[in-house]
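Asker: Below is the sequence, then the predicted model.
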Amino acid sequence: MNIHSLRKEYLAGTLSEDQLQKDPLILFKKWFDEVLASEMNETNAMNLSTIGTDGYPETRIVLLKSIEPKGLSFFTNYNSRKAEAMDKNRNVSLTFFWPQFQRQVRIKGTVSKVQEKISDEYFATRPYESNLGAWASNQSEVIISREELENSFNYFKEKFKDGEIPRPPHWGGYIVKPISIEFWQGRENRLHDRFLYEKIKNNWKIKRLAP
């Protein structure tokens, strides 16, 4: 198939001024809950973009784990490449794409680590094997083989066989505090609905953007 011929009309919904909220995170939560109720796969998958230590942007998919009044949270290895990038440059962006609803949300903000208590509480809710994996993997480091990774997993499985698995000191959460949030709703004839929220002096200003 010729890629040029790939086309889809956007007819799933609309976004108008009377549907907006003063706080964009309230609207985001409404959209998220609608997608969640549909049982769409990977509802909480989001693209996290950082500025790498080499000056190039880097993107990867991580999982949203909390929607708070202050921002959006996720968890990862503090020794990873993305963590190193965020330590040096706290400016990040998030992108959500929900194709069944023909919606996209783009968020710019600053990132910081959550309190250790929050990381401890979340870690305690994770599956046993996932927590072993947090200990076993030196995320982003070069490894020789799959066997090396599995041997590390088995080592920690034996080490923690008689008790709870503590949270590794190199693992925890981040929160992204937005400074701008853009909502995109696909519309017919490519005349999409786009609204941009920008935080100015602790108040949200709303603009409609051309598609």
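Answerer: Thanks, I have it.

Asker: now the helices for the protein?
Answerer: 24-37, 81-88, 116-123, 128-136, 146-159 (DSSP state H).

Asker: just the strands in the protein please.
Answerer: 45-51, 57-63, 66-67, 72-77, 91-98, 103-113, 171-185, 193-200, 203-209 (DSSP state E).

Asker: Relative to G71, which of the helices of the chain is closest?
Answerer: The closest approach between G71 and any of these, judged by Cβ to Cβ, belongs to helix 24-37 at 7.7 Å. Using the backbone N, CA and C atoms, a C-beta is placed for each residue, glycine as well.

Asker: Between strand 103-113 and that closest one, find me the angle.
Answerer: Interaxial angle of helix 24-37 relative to strand 103-113 (axes from the mean of the first three to the mean of the last three Cα atoms, to 10 degrees): 120 degrees.

Asker: of all the helices of the chain, which lies closest to I206?
Answerer: Per Cβ to Cβ, nearest to I206 of those: helix 24-37, 8.3 Å.

Asker: In terms of residue numbering, what are the domains of the chain?
Answerer: Following automatic domain parsing, the chain resolves into domains at 9-124+169-209, 127-166.

Asker: ends of the last one, how far apart?
Answerer: Taking Cα to Cα, to the nearest Å, domain 127-166 runs 13 Å from one end to the other.

Asker: What of the longest one?
Answerer: The stretch domain 9-124+169-209 measures 20 Å between its terminal residues, going by Cα to Cα.

Asker: what residue ranges in this structure score low on pLDDT?
Answerer: By pLDDT under 70, the chain has no low-scoring segment.
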